[in-house]
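Participant: Output the structure for:
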Amino acid sequence: MKKLWRSRKALSPVIAAIILIAVTVAVSIAVAAWMGAITFTFMGSEELKVKTHTWESADPPTYIDLTVTNTGATTLTLDDAQVNNAAPSVSHNATGTLTAGATTVVRIQHAFAAGIKYNFAVLTLAGNKYLYTASAPS
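Facilitator: Numbering: from 1, shown residues only. Take a look at the predicted model:
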């Protein structure tokens, strides 16, 4: 029985090296494809920032102007605006397209109360919700 085990030969070092190199190349190609997919996903994403806000000077105010900028790499489409997760009375410029780097003012009219904190949301057609919080002047 010991003669049988001694008569078997292992792979030659050259064939073993070729197999290791082939496995390494296959794994590196898979990792490169995975990383490439992640990169393209992030590069095509939309991003919107509310830079500033301005309240109407009346007491209590009836509208707020939100200055929004498209800080993403792609054009985005504004769809709607919300106040405390509900539709406001009226919103102006809350629809339309915004190219990369462009800025617009979204006016939201609502029955605001002085001194109360409000949560605003600007929604895009892609289904993203960009939040901003501001307190009405008192």
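Participant: Every contact and neighbour count from this point should use C-alpha atoms.
Facilitator: Will do.
Participant: element containing the closest residue in space to Val105 that isn't next to it in sequence, please.
Facilitator: Spatial nearest neighbour of Val105, excluding adjacent residues (CA to CA, 6 or more residues apart in numbering): Thr67 at 4.5 Å. Secondary-structure element containing Thr67, defined by DSSP states H and E: strand 63-70.
Participant: starting at the chain centroid, how far to that strand?
Facilitator: 19 Å (CA atoms, centre = their mean, to the nearest Å).
Participant: strand partners of it, parallel vs antiparallel please.
Facilitator: strand 48-55 (antiparallel), strand 103-109 (antiparallel) (DSSP bridges).
Participant: Quick check: next helix or strand after that strand?
Facilitator: That would be, after strand 63-70 and using DSSP H and E, strand 76-83.
Participant: Where does pLDDT dip in this protein?
Facilitator: Scanning the chain for pLDDT under 70 picks out 1-10, 39-44.
Participant: give me every residue that touches Thr124.
Facilitator: For Thr124, the contact set (CA atoms under 8 Å, 6 or more residues apart in numbering) comprises 76-80.
Participant: can we see that at 10 Å?
Facilitator: 46-48, 76-81, 94-97, 130 (CA atoms under 10 Å, 6 or more residues apart in numbering).
Participant: likewise Val90?
Facilitator: Contacts of Val90 (CA under 10 Å, 6+ apart): 63, 81-82, 107-110.
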